[in-house]
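K.L.:
Any chance you can model this:
(2 chains)
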Amino acid sequence: MGAILEVKGVKKSFGGVEAIKDISLEVQKGSVTGLIGPNGSGKTTLFNVIAGFYKPDAGQVVFDGQRIDGLNPNEIYNLGLARTFQNPRLFPSMTTLENLMLSPKGQKGESLLKAPLKRLWVDEELKHASEVQELMSKIEIGDLYKTTVADLSGGDTKMVETSKGILGGAKLILLDEPTAGVQYVSGRSVFEHVNMLRKEYNLTFLVIEHRIDLLFDFTDYVYVLDMGEVLSKGKPQEVSKNPEVIKAYMGGA
Amino acid sequence: MVDVVSFLSSWLTLFGIYAILALCLDMEVGYTGMANTGLVSFFGIGSFVAGYISLTVFLSFFGYSYPIYSLDAVIAIGKISGSNPFLSIGVFLMSLVVAFVVSGTVGYLVSYPTLRVGPAFLGITILSFGEMLRIFMKHFTPTGGSYGLLGIPGPFGWVSEPSVKAVLFLALTLAILATVYLYFQTLSNSPYGRMLRSIREDEVASLCMGKPVPRIKAQLLFVGSGISGIAGSLLAFYQGSVSPDMFTTAVTFEVWSMVILGGRGNNRGALVGAAIISLLGWSSSALNFYLPGLVVDPNYIRWMLMGAVIVIILLYQPKGLVPEKPVQTKAWSLFETKEEKGILRKAETAVKRAFSWLAGRSYK
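P.N.:
I've put the predicted structure just below:
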């Protein structure tokens, strides 16, 4: 074990609004780490900083021993750090299969010069397709390959989004509220799949989640953010007893 | 009486040229979602490059030193244009290559600042770039100012029979169109095409999946503009003359209406749209010629018709006459079970689809 992601003293403000005042956190390799906090506490901004959408005003982001703050989102993805969005951002009018086939990185057929010559990329394409097929049957969406993503259910959409990171060879996946917009009962199955995928592919997850019951059962460590700062950290059971957390998060005890 | 051969050859040649443009625009707008509103400038650059090169090469080859836009040059070209078949074809091929490179490079350079400011700005910047270029060319003497270039020697200047010449040029245009079509068709069915569609669907998500979006857009503007330049040089050789006022913004929107009519994100649709709109254009100018003295100039009705076509299509068939289908790349074959591949199964699906279409529902 060791930290796969380290955020050191990151600050980010938009105009006069300090979205992130000062956040430092570590994500251990192979863990599922939770990130909770009330609205406006800087969770999604932090995700955007890690994934390369914003440059931090100060501080460093270190992924797998390499500084990644200041890189472009596509470069960060290619290093093995994938993210999902709170409102899933897939390619709605394309089929599930096409969506997933986009994930493997460095595809030969994606170069303008090689694309017209089919024999240069067709073997690689079939190899990726069989990987996709295997993964789709693991997360139980194998028969949905020709459904357009716009027609998938909420839970399936979240799973497709997570799978994309896996197919891209990600080591760490940032999940932004994987159970938002998913019915109460399916929320658990989303996390069960996350847990299964973690073991199967040696993944690490950093998850923004509001459902305390799921955090209790599935996360190893939790950071609580409030007003752009880390309010508390620890095992979920310990954190939930912290009176400060209860005050900030549940609006007073 | 309308001469069938000359009707077909003139319509099909214009169709060929516009279809190449429509394919390029469809690649940019339909597949990638880049609103290229300045297509005409690359088309125009291509035709001026072709005109300039062929006139300069011919005049210097035969030892004349007139400026290319002068009347003397036009007369001299008239004497020499048919004398050397190898020179004619060689100059033609060279012009196509240079037109591709020059238009493509300009497209690439235009993309550089514009792609960094968002899609709406891309539209307005390229639109105004096209207009500025046209006005500049009107006052730029080395290419003849507002008169443009006249007497451009075509690749078949050495053929004496005009109808044979027209048919030969038509064959050449259609051959180039077929090549462009096949190229774009393979491109759109490859992982590259899949990536382009992902950019159209959601640029940010595509970036998050490691696709270098700005670079791909610039690449595509290079290829698309370059091929538009080839279409432009075909127009220059077909008409034998080019002037800046041929390349108004209206041409861009004519090509846009082809793509809207045919169906975006779909190469076949671009061809259908180009066929219909170019027929409309041809027949309005033919009407003007065969039925002179009409109260209203048919050319004006043509623009109204085109507007009506766009409105009707967007209301009743927003995906165009040939809607985009999910692309079945090679990966698909792994998933389809044997049953689904069977001919009976296919027939069954087709019948079901027909019924649900009749019932007004979409088949899934």
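
K.L.:
who touches the nearest residue to A:Leu175 once chain neighbours are set aside in this structure?
P.N.:
The shortest distance from A:Leu175 to any non-neighbouring residue, by Cβ to Cβ, 6 or more residues apart in numbering or on different chains, is to A:Val207 (4.5 Å). (Glycine included, C-beta is placed from N, CA and C.) Applying Cβ atoms under 8 Å, 6 or more residues apart in numbering or on different chains to A:Val207 gives the contacts A:Val32, A:Thr33, A:Gly34, A:Leu35, A:Leu174, A:Leu175, A:Pro178, A:Val194, A:Thr219.

K.L.:
contacting residues around the helix or strand containing B:Ile126?
P.N.:
B:Ile126 is part of helix B:119-138 when elements are defined by DSSP states H and E. Helix B:119-138 has contacts (Cβ under 8 Å, 6+ apart) with B:33-41, B:44-45, B:48, B:110, B:113-115, B:117, B:143, B:145-146, B:244-245, B:247-249, B:252.

K.L.:
Which residues of the stretch 101-250 of chain B lie near chain A?
P.N.:
Contact residues, the stretch 101-250 of chain B versus chain A (Cβ under 8 Å from any Cβ of the partner chain): B:183, B:186-187, B:190-195, B:197-198, B:201-202, B:204-213, B:219, B:223.

K.L.:
In helices, which of the contacts of A:Val207 appear?
P.N.:
A:Val194 (DSSP state H).

K.L.:
Can I get the buried ones among the residues of the stretch 101-250 of chain B next to chain A as something I can paste into PyMOL?
P.N.:
Those of these that count as buried under 16 or more other Cβ atoms under 10 Å in any protein chain shown are selected in PyMOL with:
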select buried, chain B and resi 183+187+190+191+192+193+194+195+197+198+201+202+205+206+207+208+209+210+211+212+213+219+223
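
K.L.:
tally of neighbours for residue 247?
P.N.:
I went with chain A, as the question did not name one. 13 (other Cβ atoms under 10 Å in any protein chain shown).

K.L.:
wrong one, I was asking about chain B
P.N.:
B:Phe247 has 27 neighbours, counted by other Cβ under 10 Å.

K.L.:
same question, the one 4 residues further on
P.N.:
Per other Cβ under 10 Å, the neighbour tally for B:Val251 reads 18.

K.L.:
give the contact list for the closest residue to it other than its chain neighbours.
P.N.:
Nearest non-adjacent residue to B:Val251, counting by Cβ to Cβ, 6+ apart: B:Val40, 4.4 Å away. B:Val40 sits next to B:Gly130, B:Phe247, B:Thr248, B:Thr249, B:Val251, B:Thr252 when contact means Cβ under 8 Å, 6+ apart.

K.L.:
and if we set it to 7 Å?
P.N.:
B:Gly130, B:Phe247, B:Thr249, B:Val251, B:Thr252 (Cβ atoms under 7 Å, 6 or more residues apart in numbering or on different chains).

K.L.:
Looking at the residues you listed, which is nearest B:Gly151?
P.N.:
B:Phe247 (19.1 Å; Cβ to Cβ).

K.L.:
so the closest one touches B:Gly44, yeah?
P.N.:
Yes - counting by Cβ atoms under 7 Å, B:Phe247 touches B:Gly44, with 3.6 Å between them.
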